[in-house]
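[1] sequence first, then the predicted structure, then my questions.
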There are 4 protein chains.
Amino acid sequence: MQLGLVGLGKMGFNMRERLRAHGHEVIGYDPRPEVSDVASLADLAGALGGPRVVWVMVPSGHITRETIAELAEVLEPGDLVIDGGNSRFTEDKPNADLLAKNDVGYLDCGVSGGIWGLENGYGLMVGGSEADVARAMPIFDALRPEGERADGFVHAGPVGAGHYAKMIHNGIEYGLMHAYAEGYELLEAEDLVTDVHGVLRAWTKGTVVRSWLLDLLVKALAEDPDFAAISGYTQDSGEGRWTVEEAINHAVPAPVISAALFARFASRQSDSPAMKAVSALRNQFGGHAVQRVSESG
Amino acid sequence: MQLGLVGLGKMGFNMRERLRAHGHEVIGYDPRPEVSDVASLADLAGALGGPRVVWVMVPSGHITRETIAELAEVLEPGDLVIDGGNSRFTEDKPNADLLAKNDVGYLDCGVSGGIWGLENGYGLMVGGSEADVARAMPIFDALRPEGERADGFVHAGPVGAGHYAKMIHNGIEYGLMHAYAEGYELLEAEDLVTDVHGVLRAWTKGTVVRSWLLDLLVKALAEDPDFAAISGYTQDSGEGRWTVEEAINHAVPAPVISAALFARFASRQSDSPAMKAVSALRNQFGGHAVQRVSESG
Amino acid sequence: MQLGLVGLGKMGFNMRERLRAHGHEVIGYDPRPEVSDVASLADLAGALGGPRVVWVMVPSGHITRETIAELAEVLEPGDLVIDGGNSRFTEDKPNADLLAKNDVGYLDCGVSGGIWGLENGYGLMVGGSEADVARAMPIFDALRPEGERADGFVHAGPVGAGHYAKMIHNGIEYGLMHAYAEGYELLEAEDLVTDVHGVLRAWTKGTVVRSWLLDLLVKALAEDPDFAAISGYTQDSGEGRWTVEEAINHAVPAPVISAALFARFASRQSDSPAMKAVSALRNQFGGHAVQRVSESG
Amino acid sequence: MQLGLVGLGKMGFNMRERLRAHGHEVIGYDPRPEVSDVASLADLAGALGGPRVVWVMVPSGHITRETIAELAEVLEPGDLVIDGGNSRFTEDKPNADLLAKNDVGYLDCGVSGGIWGLENGYGLMVGGSEADVARAMPIFDALRPEGERADGFVHAGPVGAGHYAKMIHNGIEYGLMHAYAEGYELLEAEDLVTDVHGVLRAWTKGTVVRSWLLDLLVKALAEDPDFAAISGYTQDSGEGRWTVEEAINHAVPAPVISAALFARFASRQSDSPAMKAVSALRNQFGGHAVQRVSESG
């Protein structure tokens, strides 16, 4: 089928390629002319035959909001917009409501798979009406991994459910990554273990901890033994924070995901104000650094 | 080759089956006559042609220690003992030293894969000398998953390294399981998500969080939707505790693995003495339960 | 000076008493006629000579918002409103803006001390303009503990700073209480310690951990040894959640305060969905509960 | 009464002074001749009239063990040794047993108060027999803060109970300090709060969080605003680690104390191997640092 695709960055570019490889006609728009198929959103609307389906794949937050507001201007009743970016699920209802004023439909679609999705397919979590989901299904079927539909696609619920599920997916991802990371550090710390890389690789088949993330960890260590070229400074992109905020909203204990999030915060501090306070307190009650009898009070 | 196998419980029984299926001659001993091939450890030693290789697969702790002490009596110089149980890595050096007095060799082998290992093969992490590892390699090759040896087997270092690696494997496992568990609870908590099971299943292909544990979670939910028949009361079996203890020994922060461990402790408390203290404190400074203006101080 | 006081619950009632004991004229309003000095907010405004100062001490959230909106109707230019409740600091700017439309001033004041404040005085953290703070200073001086003003009162910054400081105060309070609570549980768990209450009491003087909360813990245990009559089920009242949310907003690691918050969430669950998932996973890979060789994979 | 005191470092030196000020005869031994009253432990034994009481106040671990072993040589039946250092409670039984061979008694005494104990008195937690405790009571009464004995002294249980209680005291101390530290960092992070030092000082009276540690924090900030001269690099001295190990031994959840401990570990890392692994993983699935659409998978 025909699809308009707004945003041809790392994710959108690959998705256009995968969709075309599956026989769909994709007209892509991006502000960078060298990758874009049309010159503007208006041109995109003009190039698509109605009723249109337009997939938005741009950075979450104000850029997504503005893109959808612009689409609300150029689209027509009966068209459908899909937000495939990492928007917070609370954005979906307002976006849907805005588009509904002009009888334009809306789906939110969480997309996982990163740069590997081009080859492996993307895991998809969709929120919206049955009718809208059914209409976009050929696109979803092309993007998702091959095999049974239910193994890589879900209609998770009404508008917002797709991004909620993607948010939780990423929150889990934080926890999984940090669990492996702690294990890696513990292996490195122990002299008995002379082949850390070998241990991680030996876990990739047969063990309880085997996973795609473990495969990637083994690959990363093969490319950069001891992670010599990599700093521990680690960004976070929103979903981890939102997951902890939802844990708070729902009164759900989330010690693992929050620990992983806080470790990222700490990784970006050159020194910790909190630890300065702790250190100052120890000095106050225990005396100066060199102590003969008792280091702490 | 020929192997003596001590312990025919859930793990040992399956391993005997897998080894025989790969053409090895396995003589098993277990105190339960209905599964045992011989009547005693002495009979086992007698039935094996020297130099013998004996795999010990019994509960960790005093049972493993006693079994190895008994083997030290009945084995002969040149024989080899492999402890494949979940022993703490600190047990390995004493076991090796005891056997070495009679020139009996020793390997420690962490084994992962649970009840699925019979079919899929077991992930193996081994500690000991090159020569001893080489000698037992046909057994390891039969037990490990098919494919490249390095994807399911590692010679991790000297005696102790195998169990250390297995301990860390299980520590990671605690963290991974709890990350999925928090995500599951957060999905269940949100009304927008009308198909929690579907979301988890949709993650099994293409996504960043896909893993064998996720496959098992989907399977478990299919068998028991909403986990109606399952209590949250969860045991721990040593490796999680030992992992946190090693984190302390090595001054490695392990907030994720420790959070997962503490959650298991909490799951077994009918009420929390700590929370009683917190509740009592709130009453002390804030007055009784019903408060009009300010619930907390 | 003269003060209007809206809300005569546990906190407001005591504050009226303390202010009157310090020679101030307090006219209190509460929907419960048996404690109220006037019949309505309009009556309160009428009874106060201008320019008025009105202290609001009602539950945070919509009740505070509605009370301030009503006051905006009945007050006059030059009057001053002080929100002394546990409002989220993000409420203060909108409240101040609403009142400013009619040239009514606004201060936010975090108040700590609970039911003990009547006797000991209340710790006060205030946000707003210098002029407004100066105007209400006689009230603050009567409410705060005796001694140096700076030991129980702070003008923390512009509108919002007072409630922000109070929020952080309560977040710290969560962490402190849980630290003592963990220590209490660990003392109870160890057979060597035959006099847990005595240990806690011995800490109340001379030690590093001495504090008012510790005094209260000792008092609570004296009243109810072993906390036999107290459930661990523990509410939370907003500030702990908001503190963790601000930690997220500011990318500040807050593992201690969040752990204390999550422990409260967990205390209110009859069973943990997350732990059901963990338990189900263990069953999946490890077989049924009774295992001979290896409990975990 | 007469007391031998071994170890005249920061703690022992002050304790000698306080004991003498209370009228006790203290003969101190320290390897540094400039502070020592006698030349050797043998001389100390010779200078004391029997039955002797000797207080050991030296660094925990092998130095304490060796000191007590030496005392076992030079003391006589009926003498009494008190270990007042920060020994792990598991050391006490072996020490007591060693001394008991020669009918020398043993008490373990946890001492809190740091460099302030000279003036304020020390909080004391003692393990041992009733008779031995009674015998040393004049010393305990001189060391503890003035006022009721039970407010600064406890006979916590048999040998080991004193050090156990001191260990838990220090574990709590870790949690308390970190709770304040997180709060301090959150105050510093918020622009609305223009007087962080003032806020902390205003908490010292009347509030729920008032404590001696808070007083010290205010004092530390007065001496070094913004902690400009202090690094966050923070040592730990054993009791925090042991507390978490006991939490594990007793299956007691200790998320707050362990978080405080792990934060100290992290403060000493120039870069975190775990965070390198997390960062490497993000690169693997999400592509390079600059991403247009979706930063994480």
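    Arrived safely, thanks for sending. Numbering: from 1, shown residues only, chains lettered A, B, ... in the order given.
[2] how about the strands in the stretch 101-250 of chain A?
    Secondary structure of the stretch 101-250 of chain A by DSSP state E, counting those that start in this stretch: the strands cover A:105-112, A:123-127, A:153-157.
[3] tell me if the first one is near chain B.
    Yes. Strand A:105-112 is in contact with chain B by C-beta under 8 Å from any C-beta of the partner chain, via A:S112. C-betas here are computed from N, CA, C, even on glycine.
[4] do the same with the second one
    Yes. Part of strand A:123-127 sits near chain B under the criterion C-beta under 8 Å from any C-beta, namely A:G123, A:L124, A:M125, A:G127.
[5] what's the single longest helix in chain A?
    helix A:161-189 (DSSP state H).
[6] pLDDT averaged over that one - what is it?
    What helix A:161-189 shows for mean pLDDT is 98.
[7] got the residues of the stretch 151-297 of chain A near chain C?
    Residues of the stretch 151-297 of chain A lying near chain C (C-beta under 8 Å from any C-beta): A:207-208, A:241, A:244-245, A:247-248, A:251-255, A:258-259, A:261-263, A:265-266, A:268, A:272, A:274, A:285, A:296-297.
[8] before we move on, back to that, the longest helix of chain A: which residues count as buried?
    Buried residues in helix A:161-189, defined by neighbour count with 16 or more other C-beta atoms under 10 Å in any protein chain shown: A:161-189.
[9] quick one: A:V256 and B:A259 touch, right?
    Yes. With contact defined as C-beta atoms under 8 Å, A:V256 reaches B:A259; the gap is 5.1 Å.
[10] more neighbours: these two, which one.
    A:V256 (33 against 30; other C-beta atoms under 10 Å in any protein chain shown).
[11] re the thing from before, overlap of the contact sets of A:V256 and B:A259?
    The contact sets of A:V256 and B:A259 overlap at B:G175, B:H178 (C-beta atoms under 8 Å, 6 or more residues apart in numbering or on different chains).
[12] one step back: can you narrow the residues of the stretch 151-297 of chain A next to chain C to ones near chain B?
    Okay, of those touching chain B (C-beta under 8 Å from any C-beta), that's A:T207, A:V208, A:A247, A:V252, A:P253, A:A254, A:P255, A:A259, A:F262, A:A263.
[13] gap between the nearest residue to the first one once chain neighbours are set aside and B:R20?
    Spatial nearest neighbour of A:T207, chain neighbours left out: B:G123 (3.4 Å); criterion: C-beta to C-beta, 6 or more residues apart in numbering or on different chains. With distances defined as C-beta to C-beta, to the nearest Å, the gap from B:G123 to B:R20 amounts to 20 Å.
[14] neighbour count winner among the two?
    A direct count of neighbours by other C-beta under 10 Å for B:G123 and B:R20 places B:G123 higher, at 31 against 14.
[15] helices of chain A, residue ranges please.
    Assigned by DSSP H, the helices in chain A fall at A:10-21, A:41-47, A:62-74, A:92-100, A:117-120, A:130-143, A:161-189, A:196-202, A:212-223, A:239-249, A:255-267, A:273-286.
[16] which among these is found nearest to B:N102?
    helix A:196-202 (30.6 Å; C-beta to C-beta).
[17] list the helices and strands the closest one packs on?
    Counting contacts by 3 or more C-beta pairs under 8 Å, 6 or more residues apart in numbering or on different chains; DSSP states H and E, helix A:196-202 is packed against helix A:161-189, helix A:212-223, strand B:123-127, strand B:153-157, helix B:161-189.
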